[in-house]
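# Mind folding the following:
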Amino acid sequence: MRASLNYNDYFKLILNNVDYGENILIRIEQTEDRGRTLFALSDIKYMDVLFREKSLLYGPLHDSPSVCLNCLKQVSDEVCEYCGLPLCTEPCSTYFNHDDYECNLFQLAKYRPTINDFESINPLYQCITPLRMLLTRDNLPDKWTILQNMSSVIGTQQTRECENNVVNYLIDYWKLDFTKEDVRHVVEVLKNNAFEVNSTTKTKPGGPGRGIFPLHALTNHSCAPNITYRYISEDDHMECFAIRDIRKGEELFNSYIDYNEDLETRRETLRAGWNFECKCERCLADDK
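The predicted model follows:
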């Protein structure tokens, strides 16, 4: 059973990774039909930055070739000397420490993966980011509490597909001290709430991955959004900014998909990925 926080306590906890600048422009509210979401606390101008949020954690993509587990740059034959997982042999640009997470687990299990093909998609990477999320329970309890209180949609097509690759692998093969519900929850949190990031900077190579940004994740979807985001790899922050003028009291909406698509394509994508049908003003107008 996951411990549930009220929205005020949850908001205070996630603010540890958030920079508002000079003025707080948003507030969190618990709604009856859409859960916790964000509203404008004052009038916001086009291109105003509402907040900057550091990632709770990040990791490689679900369908990733062999990349460095620190900087996410694709590697050819470089591995960690302790656990055997792909890792740059030279110091690399990183805001994540592989040594503190899966490296210890692989060492304790006395299992060194053998990777012969560094170019093809490596199924092992499906487990890395969910594993990092689970491992916060014992060492980073505040992060674990946040993850436990993030929304998930159990039973989607993606969950069923990952049952064997992630859930059963981590529980049955690795014998981790977590329930299958725990693993399914973090997998769904990742699928429903993660944002794509790219660790490449102006001076250091990197690569694509996915990160958890709990405050950004509170924004609901609309096919006519009023905010969007950009990832700043130099300091591992996601920046939320307005894409039109927003009035005080308006709900903040992000678009989970390409909102330039036609109505049926948008609905199909949302049903498959998030298990809901959009009822925003634009969709209702397009449906007439």
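# Spit out the contact partners of I14.
By C-beta atoms under 8 Å, 6 or more residues apart in numbering, I14 lies in contact with I146, P214, L215. The C-beta positions use only the backbone N, C-alpha and C, and glycine is treated the same way.
# As a markdown table, those residues with neighbour count, secondary structure and pLDDT would be great.
Output for the contacts of I14, formatted as a markdown table (neighbours: other C-beta atoms under 10 Å; DSSP: H, G, I helix; E, B strand; the rest coil; pLDDT from 0 to 100):
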| residue | neighbour count | secondary structure | pLDDT |
| --- | --- | --- | --- |
| I146 | 22 | helix | 95 |
| P214 | 23 | coil | 96 |
| L215 | 21 | coil | 95 |
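# how about stretch 126-137: buried residues?
Q126, C127, I128, T129, P130, L131, R132, M133, L134, L135, T136, R137 (16 or more other C-beta atoms under 10 Å).
# Counting neighbours, what do you get for the residue lying closest to A224 once chain neighbours are set aside?
In this structure, A224 finds its nearest non-sequential neighbour in R282, 4.3 Å apart by C-beta to C-beta, 6 or more residues apart in numbering. Number of residues near R282 (other C-beta atoms under 10 Å) recorded here: 16.
# and R282, backbone torsions?
When read as degrees, to the nearest 10, the backbone of R282 gives phi -70, psi -40.
# Report the next helix or strand after the lowest-mean-pLDDT helix or strand in the chain in sequence order.
In the chain, no helix or strand scores lower on mean pLDDT, DSSP states H and E than helix 157-162, which sits at a mean of 62. For helix 157-162, the following helix or strand on the C-terminal side (DSSP states H and E) is helix 180-193.
# residues of that following helix that come out buried?
Under the neighbour-count criterion of 16+ other C-beta under 10 Å, helix 180-193 has D182, V183, R184, H185, V186, V187, E188, V189, L190, K191, N192, N193 buried.
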